[in-house]
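# Predicted model and sequence follow; I will ask about them next.
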Amino acid sequence: MVNKFYNKLFKNLNSDKLFYTYDEKNLYYKDLKEFFLRFCNLINFLPSKNNRICILSEKCFELYATSLSIILTNNTWVPIAESSPEKRIYEIIDIVKPDLFVIQELNTLKTLKIKNYLKKKRINLITFSEIKNSRKVPSLKINKFEEKDISMIFFTSGS
């Protein structure tokens, strides 16, 4: 079932079908493909396959595009809500020990503190802007997924 979903997603990446709409902003599967190809180039520096990648972001196209890109490249997505307290974010970082941390923007005191924490822990950090401004890989590679593959680690609020 999982492979069917991803095969369909890869098939749609070459289409003009609508992928995301918000506030009169429409983005299409071809926009997702562009983002995915740029993301693939950036993660080439990661040490291994099945890396743990955290994302701290509010809901937006880039959040969805990065999440799918992480999963499509056989890595593990760890979502962190933008509203999470700093202390909770640090706890998640310490538990997960991510190979990469993706953040929407570095424009608040909170995100700058998180950047410093990640630097102390020697965890790589990138922003959505860095992904969008990177070069694309020349082609798509469809990965095979197995039932034992971990695609996501999800932390709840404890409720």
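Thanks, I have it. Numbers count the residues shown, from 1 in each chain.
# what kind of secondary structure is Leu112 in?
Three-state call for Leu112 (DSSP: H, G, I helix; E, B strand; the rest coil): helix.
# Send me stretch 79-94 as PDB with only the CA atoms.
Taking Å, rounded to 0.1, in the frame of the first residue of the first chain, the C-alpha atoms of stretch 79-94 are listed here in PDB:
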ATOM      1  CA  PRO A  79       7.900  17.000  13.000                       C
ATOM      2  CA  ILE A  80       8.100  19.700  15.700                       C
ATOM      3  CA  ALA A  81       5.300  22.200  16.200                       C
ATOM      4  CA  GLU A  82       6.300  25.800  15.900                       C
ATOM      5  CA  SER A  83       4.300  26.400  19.100                       C
ATOM      6  CA  SER A  84       6.400  23.900  21.200                       C
ATOM      7  CA  PRO A  85       8.300  25.500  24.100                       C
ATOM      8  CA  GLU A  86      12.100  25.800  23.700                       C
ATOM      9  CA  LYS A  87      12.700  23.300  26.600                       C
ATOM     10  CA  ARG A  88      10.500  20.700  24.800                       C
ATOM     11  CA  ILE A  89      12.300  21.200  21.500                       C
ATOM     12  CA  TYR A  90      15.700  20.700  23.300                       C
ATOM     13  CA  GLU A  91      14.300  17.500  24.800                       C
ATOM     14  CA  ILE A  92      13.200  16.200  21.400                       C
ATOM     15  CA  ILE A  93      16.600  17.100  20.000                       C
ATOM     16  CA  ASP A  94      18.400  15.200  22.800                       C
END
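# Show me what it is in contact with.
Contacts with stretch 79-94, where a contact means Cβ atoms under 8 Å, 6 or more residues apart in numbering, come from 54-58, 67, 78, 101, 104, 110, 113-114, 117-118, 121, 123, 152, 154-155. Where you see a C-beta, it was placed from the backbone N, CA and C, and this is true even at glycine.
# and what of stretch 7-26?
With Cβ under 8 Å, 6+ apart, stretch 7-26 has contacts from 27-33, 36, 60-61, 64, 68, 72, 140, 142.
# can you tell me which of the residues you listed are in strands?
Among these, the members falling in strands (DSSP state E) are 27-28.
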